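[1] Below are the sequence and a predicted model for it; my questions follow.
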Amino acid sequence: MQKISNTEIYFIENGINSNLRADGRSRNDYRHFSLETGEIIHASGSARLKISDTEVLVGVKAEIKEIKNAQSNNDKQQEDLKRFIFTVDCCQSASSEFTEQKRLDQYNIELAKQLERLYSHPSVVDVDKYLTIVPGKFYWNLCIDAMVLDSDGNLLDALSIAIRAALYNTVLPKIKVITSEYQEITFEVSEDPEDVISLKDAIENVPIFITLNQIGSQSSFIIDSTLQEELCINSKLCIGINQKSMICSIQKSSGMEGLEPQTIIQMIKSAKQIGVQIISTMDKALKLNP
Amino acid sequence: MNETNNPISEINIEIFSPQKRLKLRHIEKKNENEMEVDTDQDEIYKSRRLMIPGQSIAKEGEYLKGHGTFHFDGNLIASVCGNIERVNKLVSVRAFKSRYNGEIGDIIVGRITEIQGKRWKVDVNARQDYFLMLSAINLPGGIQRRRTSSDELQMRNLFVENDLVYAEVQQIMGDGSVAIHTRNLKYGKLQNGCFLKVPSNLMKRSKMHFHSLDECGVDVILGLNGYIWIADTEQQRKQQAFIQKHERENFDQPLVLPEDHKEITKESRERIARIKNSISLLAEGFMVIHPKSIMQVYKQSIKMALSAKDLLHPEYIRQITTYLSTLPLENDSNLDMHEYPEEQ
């Protein structure tokens, strides 16, 4: 566990109350981040994100998923929703918080579940248009594997931004469906590396997380917390925001203090502003460097 | 924002900051002089001084295997990234980034991790926790006496877990454990400031490790173990006076600092942030951290009209590190760990 003394907490809390954090940022300042796409050549898509010392690497692997007829209609729909499979793996060396294996496993699952809850809705990526091979039968499943290489706070936001960039970078091979006499379906995968479907246009609705951490007085909250700041958090709200500044999900982390309704409204307001800002700058940068 | 993959040749730039290249050149110069005196057979010393893990140093048997090296396939191989050091036949590689290794008299900043009978365990970024004996601290009020069992029960009144302490290495035991002490009025608990961790190899051994940077009214304690404490001078002075008064008058009661003694103005907070970011900038550029270099960054940032948070921006980090590496020779001599004149 990373540790902090009471007087350090006092220093950080007071700094946040007066809108000047320990590293000179104001409450609503995001740290500079750098994004690289296409780092892993044998993945369908990948991205690496660095925010200060936080470093995450995301790879996307596409698989063909067959949906069996035996399932009832309801089940099938449930199955349809799950086009993404998330795994998060935090390196033990990333943070002193991760040295305990049991805690680490919990944390990995927690992050993966949070991401899954945000992304598993069918409207996130247009399934019919991009991920369907044979309607009702064969779909693309995207396995999204994230690695946390180093940590200086704000992991969830970093992961969601990296996932969005990795999806932008993802290409799926074109598939020709051949139906034989006995209704058996076989595929012919195009071998031309240029002849692919890119998910570039599909990420329009893909949201990102903005985590708002309430520290110090009830009404003061910060974004992009550092590891030290994360040790002072009273409560935490993770808001999923998409390009149109719509709220896709709100999750309040459990086991901490409560929040005033007014604070929540303020948090949502600033999450909207910041989220749109990040997404638009990110999209601009991604379009410049395909 | 989107960076293309670095070609391999660029990796060098990542590893060697301009400053460090200067330093390497500096060492090389020195060694050239040495070479004239001792024109030995050693090829390894002439050609390669900087080793990366897996690089072969020499054939097995030519040299003795020291720290940071191992034998493999008939070769002596470096296991860490660092400089070669050689004493006669013994070759070792000293890593650039390593854990802190205490020496007697070192001034350090540590964090209490545990309380055991009669002693505190202190994390100092070393291979193991150092310990602070109950008998190696000043009791409140400065009274001199044997520590009784009732003192032992009251240990949490002095330091609790996660507190930061400013201390000195007292003794290194035969089994490798290290004792530290706070038997000086300036040592003790650190309160109301901010903490920063840098690689311990960047710290310079000097006479003073507590510095009041007068130009900006900020106190810094540069622990040799790479733990750094930054606080506001005025607030610390007030706090110190209060604690001393408290210890004189009623040292039996636990100390509670009144709110107005903890207050730090927004201006000094900004200065603290600027100093903190200056230090992390130096750490990022892998440059030696001492008051002079900190102030150079601080002044340059003001000259460039940057706010404190701008110092975190990679572009400005690059600009300032480049600027520092172009500073005249005086800066070069600063890099020499032993010749740097002490600040009083």
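    It's in.

[2] list the contacts for residue B:126?
    Neighbouring residues of residue B:126 by C-beta atoms under 8 Å, 6 or more residues apart in numbering or on different chains: B:99-102, B:178, B:225. Placement of C-beta: from N, CA and C, glycine included.

[3] quick one: which of those residues is nearest chain A?
    Of all these, chain A sits closest to residue B:99, with 13.4 Å by C-beta to the nearest C-beta.

[4] among the contacts of residue B:126, which two are most distant?
    Of all pairs drawn from these, the greatest distance, 12.3 Å, lies between B:99 and B:178 (C-beta to C-beta).

[5] and the residue of chain A found nearest chain B, what element?
    Residue of chain A nearest chain B, by C-beta to the nearest C-beta: residue A:24 (2.9 Å). Using DSSP states H and E, residue A:24 sits in no helix or strand.

[6] I figured it was touching residue B:301, is that so?
    No. Contact between residue A:24 and residue B:301 fails when scored by C-beta atoms under 8 Å: they sit 10.4 Å apart.

[7] Out of those two, name the residue with the larger neighbour count.
    Taking neighbours as other C-beta atoms under 10 Å in any protein chain shown, residue A:24 and residue B:301 compare with residue A:24 leading, 24 against 21.

[8] List the contacts of the more buried one.
    Per C-beta under 8 Å, 6+ apart, neighbours of residue A:24: B:270, B:273-274, B:276-277, B:307-309, B:311-312.

[9] Keep those, but drop any that are not near chain A.
    B:270, B:273-274, B:276-277, B:307-309, B:311-312 (C-beta under 8 Å from any C-beta of the partner chain).

[10] which one of those is nearest residue A:177?
    Nearest to residue A:177 among those, with distances taken as C-beta to C-beta, is residue B:312, at 51.8 Å.

[11] I'd say that closest one and residue A:33 touch.
    No. Taking contacts as C-beta under 8 Å, residue B:312 lies outside contact range of residue A:33: 10.9 Å.

[12] phi, psi of residue B:289?
    Main-chain dihedrals, residue B:289, degrees, to the nearest 10: phi -100, psi 120.

[13] what does residue A:88 give?
    Here is the backbone geometry of residue A:88 (degrees, to the nearest 10): phi -120, psi 140.

[14] Contact partners for it?
    Residues in contact with residue A:88 (C-beta under 8 Å, 6+ apart) are A:108-109, A:111-112, A:115, A:146-148, A:159.

[15] what's the farthest-apart pair in those residues?
    It's A:109 and A:147 that sit farthest apart of the contacts of residue A:88, by C-beta to C-beta, at 15.0 Å.

[16] contact partners of stretch B:91-101?
    With contact meaning C-beta under 8 Å, 6+ apart, stretch B:91-101 is reached by B:44, B:51, B:57-58, B:63-69, B:76, B:78-86, B:108, B:124-127, B:199-201, B:224-226, B:286.

[17] Please export the C-alpha coordinates of that stretch as PDB.
    The C-alpha coordinates for stretch B:91-101 follow below in PDB (Å, rounded to 0.1, in the frame of the first residue of the first chain):
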ATOM      1  CA  VAL B  91      34.800  -5.500 -12.200                       C
ATOM      2  CA  SER B  92      31.300  -4.400 -11.100                       C
ATOM      3  CA  VAL B  93      28.600  -2.400 -12.800                       C
ATOM      4  CA  ARG B  94      27.000   0.400 -10.800                       C
ATOM      5  CA  ALA B  95      23.400   0.900 -11.700                       C
ATOM      6  CA  PHE B  96      22.000   4.300 -12.500                       C
ATOM      7  CA  LYS B  97      18.800   3.700 -10.700                       C
ATOM      8  CA  SER B  98      19.100   1.600  -7.600                       C
ATOM      9  CA  ARG B  99      17.800   1.400  -4.100                       C
ATOM     10  CA  TYR B 100      19.300   3.600  -1.500                       C
ATOM     11  CA  ASN B 101      22.300   2.200   0.400                       C
END
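
[18] can you tell if the helix or strand containing residue B:237 touches chain A?
    Taking DSSP H and E as the definition, one finds residue B:237 inside helix B:233-250. No. Contact of helix B:233-250 with chain A (C-beta under 8 Å from any C-beta) is absent, the minimum separation being 10.0 Å.

[19] Can you pull the residues of the stretch 101-250 of chain B lying near chain A?
    Proximity of the stretch 101-250 of chain B to chain A, by C-beta under 8 Å from any C-beta, involves residues B:111, B:113, B:123, B:161-164, B:190-195.

[20] would a markdown table of these with secondary structure be doable?
    Listed next are those as a markdown table, based on DSSP: H, G, I helix; E, B strand; the rest coil:
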| residue | secondary structure |
| --- | --- |
| B:111 | strand |
| B:113 | strand |
| B:123 | strand |
| B:161 | coil |
| B:162 | coil |
| B:163 | coil |
| B:164 | strand |
| B:190 | strand |
| B:191 | coil |
| B:192 | coil |
| B:193 | coil |
| B:194 | strand |
| B:195 | strand |
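
[21] Would it be right to say that residue B:277 lies in a helix?
    Yes. Under three-state DSSP, residue B:277 sits within a helix.

[22] Between the ones next to chain A among the contacts of residue A:24, identify the one with the most neighbours.
    When neighbours are counted as other C-beta under 10 Å, the busiest of the ones next to chain A among the contacts of residue A:24 turns out to be residue B:277, with 29 neighbours.

[23] so that one sits right up against residue A:23, yeah?
    Yes. Under the criterion of C-beta under 8 Å, residue B:277 makes contact with residue A:23 at 6.0 Å.

[24] Between these two, which contacts overlap?
    Taking C-beta under 8 Å, 6+ apart as the contact rule, residue B:277 and residue A:23 both touch B:308-309, B:312.

[25] returning to what we had before: okay if I get the contacts of residue B:126 as CSV plus pLDDT?
    As requested, these are exported to CSV (pLDDT from 0 to 100):
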residue, pLDDT
B:99, 90
B:100, 92
B:101, 90
B:102, 89
B:178, 95
B:225, 93
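
[26] Could you save these as CSV and add columns showing distance to residue A:104, neighbour count and secondary structure?
    Below are those laid out as CSV (distance: C-beta to C-beta, whole Å; neighbours: other C-beta atoms under 10 Å in any protein chain shown; DSSP: H, G, I helix; E, B strand; the rest coil):
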residue, distance to residue A:104, neighbour count, secondary structure
B:99, 22, 15, coil
B:100, 26, 22, strand
B:101, 29, 13, coil
B:102, 30, 22, coil
B:178, 30, 23, strand
B:225, 27, 25, coil
